[in-house]
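Sequence plus predicted model, see below.
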Amino acid sequence: MAQEQVEVLILGSGPAGYTAAIYAARAGLKPIMYQGGQPGGQLTITTDVENFPGYPDGIMGPEMMEDFKKQAERFGTDNRWGMATKVDFSTPLAHKVIIDDTHEIVAKTVIIATGASAKWLGLESEQRLNGYGVSACAVCDGFFFRGQEVAIVGGGDTACEEAHYLSKLCKKVYMLVRKGEFRASVIMQKRVENTANIEILYHTETLEVLGTDGVTGVRIKNAQTQVESVLDVTGFFVAIGHQPNTQIFDGFLNMDEAGYIETIKGSARTNIEGVFACGDAQDKIYRQAVTAAGSGCMAALDAERYLAEKDLH
Ligand code: NDP
């Protein structure tokens, strides 16, 4: 297997990974970055970003990530396609990371910025029809449902944002909220409540997505009345939160019960020396692009200090 030695290896290419890359590259550490399964991260599947400082008129998520990428590459980040498939963090200053099962990187420091992925309801019909009318990304797939009726599950900010996005393309959007209230911020909640073609169904559970080659409806149940009914929709979107992409670090890094990597307070350091974590892989509280970027900066500075302590930089 091909082997390569590096000072700083960055896994993941969202705001955390790119910010770590900008800092590490400007410090002369020649970082190598592997972009992972979703190059650009979660912001590439969102529309307007209105809360990232420095963009008074807002910016589209994919465009913002393109800017992050250009900035990281400008200072010499070696930005590559590929995904970490296995790690061995047992030897300080020689941490091993296998990329795509074909290439081994031996890194003095590793910055984990692998982010989080969408969660699914876990219904057989949802998985069977995934890509055939079922989607976890309204921004990616909403276009296919122009002029049609769709349903979206979830009551958080993501569900509200995506329902609002779909309402601009689709004839009607049903929002299926399992409790009697939203989890979303008030501003997002008001936005969906004030949109004429969004109908919010509270206390609503999804029992089954109907259809064989495509979605023809969704069977739902009102948890208060126990009454079952069918919504005649052709698209079914899931927006119920995310799972941190940290499974491959299991056995090496300390994590909480949900799989978020634990970092030492006030730093990006993990329980393994020379391994740092940033962004949504270690943050279940804030999960914002700006906090991810901030923690990516911390990870790069911590990596630089670690190498300096070892007289390696
Ligand atoms: P959240 O975890 O905030 O919300 C998940 C939603 O899905 C909740 O309403 C939850 O219901 C519901 N849910 C979870 N599991 C199920 C299930 N099995 N069946 C039905 N419903 C389910 O995730 P989000 O992705 O919405 O947001 C994540 C973070 O990102 C938040 O901090 C959010 O504020 C932020 N964000 C900010 C945005 C912005 O500011 N523009 C845009 C998007 C996200 P329940 O409440 O009952 O648990």
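Now that the structure is in, tell me what you want to look at.

Just name the shakiest helix or strand of this protein by mean pLDDT.
Within the chain, confidence by mean pLDDT, DSSP states H and E is lowest for strand 48-49 among all helices and strands, at a mean of 78.

List the pairing partners of it within its sheet, with orientation.
Strand 48-49 has its sheet partners listed here by DSSP bridges as strand 59-60 (antiparallel).

So which bits of the stretch 151-300 of the chain are right by the ligand?
The stretch 151-300 of the chain comes close to the ligand at residues 153-159, 161, 178-179, 183, 240-242, 287, as judged by CB under 6 Å from any ligand atom. (Glycine included, C-beta is placed from N, CA and C.)

From those, which land in strands?
Among these, the ones falling in strands (DSSP state E) are Val153, His242.

out of the residues of the stretch 151-300 of the chain next to the ligand, which are inside helices?
In helices, defined here by DSSP state H, the members of these are Asp157, Thr158, Ala159, Glu161.

Only whichever of the residues of the stretch 151-300 of the chain next to the ligand are buried, select them in PyMOL.
Command for PyMOL that selects the buried part of these, burial taken from 16 or more other CB atoms under 10 Å:
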select buried, resi 153+154+155+156+157+158+159+161+178+183+240+242+287
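
just curious, which of the residues of the stretch 151-300 of the chain next to the ligand is nearest to Met60?
Glu161 (13.1 Å; CB to CB).

So that closest one versus Gly76, what's the distance?
Going from Glu161 to Gly76 by CB to CB, to the nearest Å gives 35 Å.

His164 too?
The gap separating His164 from Gly76 is 40 Å, by CB to CB.

Looking at those two, which is more packed in?
Between His164 and Gly76, counted using other CB atoms under 10 Å, the more crowded position is His164 (19 against 15).

which non-adjacent residue is nearest the more buried one?
Leaving aside its sequence neighbours, His164 sits nearest to Arg191 (CB to CB, 6 or more residues apart in numbering; 5.4 Å).

Just the closest residue of the protein to the ligand, please.
Gly156 (2.3 Å; CB to the nearest ligand atom).

Can you pull the phi/psi pair for that residue?
Main-chain torsions, Gly156, degrees, to the nearest 10: phi -90, psi -170.

and the spatially closest residue to it that is not a sequence neighbour, how far is that from Ile285?
In space, and not counting its chain neighbours, Gly156 is closest to Arg183: 4.6 Å by CB to CB, 6+ apart. Counting by CB to CB, the gap from Arg183 to Ile285 is 14 Å.

again with Gly54
23 Å.

And for Leu166?
With CB to CB as the criterion, Leu166 and Ile285 are 28 Å apart.

Kindly report the same for Val8.
Going from Val8 to Ile285 by CB to CB gives 26 Å.

Comparing these two, which residue is more hemmed in?
More crowded of Val8 and Ile285, by other CB under 10 Å: Val8, with 30 against 7.

List the contacts of that one.
Ala24, Leu29, Lys30, Pro31, Ile32, Ala107, Lys108, Thr109, Val110, Ile111, Ala300, Ala303 (CB atoms under 8 Å, 6 or more residues apart in numbering).

residues touching the closest residue to the fifth one other than its chain neighbours, list them.
Yep, that's Ile32 we're talking about. Of all residues beyond its chain neighbours, the one nearest Ile32 is Asp78 (4.5 Å), with distances taken as CB to CB, 6+ apart. The contact partners of Asp78, by CB under 8 Å, 6+ apart, come to Lys30, Pro31, Ile32, Met33.

Narrow these to those that are buried.
Pro31, Ile32, Met33.

Remind me what the helix or strand where the last one lies packs against, helices and strands.
Meaning Met33. Assigned by DSSP states H and E, Met33 falls within strand 32-34. Under the contact definition 3 or more CB pairs under 8 Å, 6 or more residues apart in numbering; DSSP states H and E, strand 32-34 sits against strand 2-11, helix 15-26, strand 78-80.

Recalculate using a threshold of 6 Å.
Strand 32-34 is packed against strand 2-11, strand 78-80, with contacts defined by 3 or more CB pairs under 6 Å, 6 or more residues apart in numbering; DSSP states H and E.

Which one of these lies nearest to Thr225?
Relative to Thr225, the nearest member of these by CB to CB is strand 2-11, separated by 47.8 Å.

Adjacent strands (with direction) for that closest one?
strand 32-34 (parallel), strand 103-112 (parallel).

Relative to the whole chain's centre, how far out is the first one?
How far strand 32-34 lies from its chain's middle: 18 Å, per CA atoms, centre = their mean, to the nearest Å.
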